[in-house]
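Peer 1: please find the sequence and the predicted model below.
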Amino acid sequence: MTETLFGGPSLPPAYPERAAWGTAQKLRAWQSEAMEKYFNESPRDFLAVATPGAGKTTFALHIATQLISRGQINRVTIVTPTDHLKKQWADAAAKVGIAIDPNFKNADGRHGKGFIGVAVTYAQVASKPMLHRAKTEAARTLVIMDEIHHGGDALSWGDGIREAFDPATRRLALTGTPFRSDTAAIPFVEYAEDRDGIRRSKADYTYGYGEALKDHVVRPVMFMAYSGQMRWRTSAGEEMAATLGEAVTKDVTSQAWRTALNPEGQWIPAVLAAADKRLTEVRRAVPDAGAMVIATDHEDARAYAAELKKITGESPTVILSDDAKASAKIDSFSAGDKRWMVAVRMVSEGVDVPRLAVGVYATSTATPLFFAQAVGRFVRARKRGETASIFLPSVPNLMALANQLELERDHALDRPDKDPDGFIEEDSEMEEANREEKASDTLEKFKFEALESQASFDRVLFDGGEFGTGGAIGSEDELDFLGIPGLLDADQMGLLLRQRQADQQSRKRKKSPAEPEAPPLVDHRLLMDLRGELAKNVSAWSSRSGMPHGMVHSELRRICGGPAVAQADETQLQTRLKKLQDWFIGRK
């Protein structure tokens, strides 16, 4: 019996063609270090926390290969959050000579002949834990639990994997996501009490985004934040307006955000067009670079896809959670060179589409758990210099998450009322975040009507810094950042962003008058009366013509000029009222 790189016997006869794989595959530094720790300690349980895109799958399969070759295990069970990931793991395992059955169903009882193990979902285990316990007991089993934070679901998943895999010979837990749920302890994860008396998860090996970025294992991420004017009507009939990202109440921020994401407004089309311009620039250096919109629900996804077809002339790939062909569509997009994919949040966790380089975060989910996984879809590095660009609304909680991308957080039990990390915990488990959002699951429980949305470029967030001085859609200030080259390392990106900001500031100084005139006094009562009168007349014209309120306002702005109602001055409001009067009496 021959020896392998790690001192164990070669693979058993069932895998002769892969016996040398452990020596042939080059590992990244963190993978080698983590493997050395694993085999030195030879633990029953091992938790590896590594940033999305770092190569957790490769690490786990190296472990499995060596344990098989040493005769320490003779069965492998891989547990994933989704069906698509079962197939992804099985494909990766096949490349290294480990035959995994991803099509195993609980009703089958046994996996197919020729397989050494199965890939199953957490839900599959939770529905029949005793079946999986019996399979685990029947062999020397290694259980690989991908995205182990799902085990914190006290309703069923955590209990299911505890029952099923308690007798396992080895358990390898993986995650790339900050643990945020405190509903229950995650099975097979060690907790240690800190100085504040809070029990926090304790990883056996951690490899964060910051370390991976320095090692060029992941891409640097540039966040393109877009603001704009929003207008909506509440369930009480009150017309509201706000600038996306301004300091307002949480409820107003949520409503403004929802208005921005409404596909019938102008914010989404403008941001999608900007993201497509960015994709074109990236594809100059990376010809197969792809882009993805993460939408909130099926209806929005289809509407965004229709808008992208208008912009690009190409129908994007649409991934819906109830589509039986979703997994095949993801694989086809990953292997091809189409520009755009639109997904209903389900393409967020663990799904591997390495060519994704541009993203639009068009969902109302704002938890650290989901945000980290969504960003993780774009950071997998294929060659040095590739960058990721993610477009998102300028809302405070998303800005905070973007600025703290490198922050490492453990799973905390007994968390105090105020989160010491500065986050308000709104997390449900990832399976909740990945399903289609129903009407009762939206950011706000009451109904409202989005009337109008306009987009404007706000700023760029990168490496904890903010760049740019804002600008209109299509302005030189926006194009400065959309046109940044698609191949830059993190240092080059930071240098170029600072230069672009300096250029913008220089232009603005040249345009500013030496002694600006004092702005005229504004009668806020008169403005409020004019806005109310305009709203009544718009409503009346809407009833008469059948034209939606938002469309009436948009047409008035197109003809008369000026900003949204909330920012219009007395003259601009009077001009729109006059135009409405002309319409009522039949004058064009």
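Peer 2: Everything's here; your move. Residues are numbered from 1 along each chain as shown.
Peer 1: every contact and neighbour count from this point should use C-alpha atoms.
Peer 2: Noted.
Peer 1: could I have the helix or strand containing residue 171 exported to PDB, CA atoms only?
Peer 2: Element membership of residue 171, judged by DSSP states H and E, is strand 170-175. This file holds the C-alpha atoms of strand 170-175, laid out as PDB (Å, rounded to 0.1, in the frame of the first residue of the first chain):
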ATOM      1  CA  ARG A 170     -16.200  12.600  11.500                       C
ATOM      2  CA  ARG A 171     -18.200  15.800  11.000                       C
ATOM      3  CA  LEU A 172     -16.800  18.700   9.000                       C
ATOM      4  CA  ALA A 173     -18.800  22.000   9.200                       C
ATOM      5  CA  LEU A 174     -18.400  24.800   6.700                       C
ATOM      6  CA  THR A 175     -19.700  28.300   6.500                       C
END
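Peer 1: where exactly do the helices run in the stretch 451-588 of the chain?
Peer 2: Along the stretch 451-588 of the chain, counting by DSSP state H, counting those that start in this stretch, helices occupy 476-482, 490-511, 524-545, 549-560, 570-584.
Peer 1: pLDDT weak spots in this protein?
Peer 2: 1-25, 152-155, 178-183, 196, 345-351, 406-447, 511-524, 587-588 (pLDDT under 70).
Peer 1: related to what we said a few turns ago, out of the helices of the stretch 451-588 of the chain, flag the one nearest residue 353.
Peer 2: For the helices of the stretch 451-588 of the chain, proximity to residue 353 was assessed by Cα to Cα; helix 490-511 is nearest, at 21.5 Å.
Peer 1: do you know how far residue 253 is from residue 353?
Peer 2: 32 Å (Cα to Cα, to the nearest Å).
Peer 1: meant to ask about residue 108
Peer 2: 31 Å.
Peer 1: of these two, who's got more company?
Peer 2: residue 353 (18 against 9; other Cα atoms under 10 Å).
Peer 1: so that one touches residue 377, yeah?
Peer 2: Yes - here residue 353 lies in contact with residue 377, judged by Cα atoms under 8 Å, at a distance of 7.1 Å.
Peer 1: which other helices and strands does the strand holding residue 171 contact?
Peer 2: Where contact means 3 or more Cα pairs under 8 Å, 6 or more residues apart in numbering; DSSP states H and E, strand 170-175 is packed against strand 45-50, strand 141-145.
Peer 1: which helices and strands sit right next to the helix or strand following the longest one?
Peer 2: The C-terminal neighbour of strand 45-50 among helices and strands, as given by DSSP H and E, is helix 56-69. Taking 3+ Cα pairs under 8 Å, 6+ apart as contact, the helices and strands that helix 56-69 lies on are helix 21-24, helix 29-41, helix 83-95.
Peer 1: relative to strand 45-50, how tilted is helix 56-69?
Peer 2: Angle between the axes of helix 56-69 and strand 45-50 is 150 degrees (criterion: axes from the mean of the first three to the mean of the last three Cα atoms, to 10 degrees).
Peer 1: how far off centre is helix 56-69?
Peer 2: Centre-to-centre, helix 56-69 and its host chain are 28 Å apart (Cα atoms, centre = their mean, to the nearest Å).
Peer 1: got it, and stretch 289-306?
Peer 2: 13 Å.
Peer 1: and stretch 249-265, by the same measure?
Peer 2: 19 Å.
Peer 1: separation between the most centrally placed residue in the chain and residue 295?
Peer 2: The centroid of the chain falls nearest to residue 374 when counting by Cα atoms, centre = their mean (1.7 Å). As for residue 374, its distance to residue 295 is 11 Å (criterion: Cα to Cα).
Peer 1: repeat for residue 471
Peer 2: Using Cα to Cα, residue 471 is found at 25 Å from residue 295.
Peer 1: those two: who's more crowded?
Peer 2: Taking neighbours as other Cα under 10 Å, residue 471 and residue 295 compare with residue 295 leading, 28 against 19.
Peer 1: give me the secondary structure label for residue 225.
Peer 2: Secondary structure, DSSP: H, G, I helix; E, B strand; the rest coil: residue 225 is strand.
Peer 1: show me what it is bridged to.
Peer 2: residue 392, residue 459 (DSSP bridges).
Peer 1: phi, psi for residue 546 please.
Peer 2: Dihedral angles of residue 546 (phi, psi; degrees, to the nearest 10) stand at phi 80, psi 0.
Peer 1: and for it, the neighbour number?
Peer 2: A count of nearby residues for residue 546, using other Cα under 10 Å, gives 11.
Peer 1: do a quick rundown of the strands in the stretch 151-300 of the chain.
Peer 2: Secondary structure of the stretch 151-300 of the chain (DSSP state E, counting those that start in this stretch): strands located at 170-175, 191-193, 199-201, 205-207, 221-227, 229-234, 239-243, 290-295.
Peer 1: and residue 265, which of the ones you listed is closest to it?
Peer 2: strand 229-234 (9.2 Å).
Peer 1: adjacent strands (with direction) for that closest one?
Peer 2: Using DSSP bridges, the strands paired with strand 229-234 are strand 239-243 (antiparallel), strand 448-453 (antiparallel).
Peer 1: out of those, which comes closest to residue 363?
Peer 2: Closest approach to residue 363 among the strands paired with strand 229-234 (Cα to Cα): strand 448-453, 15.7 Å.
Peer 1: run the chain-centre distance for the closest one.
Peer 2: That offset, for strand 448-453, works out to 25 Å (Cα atoms, centre = their mean).
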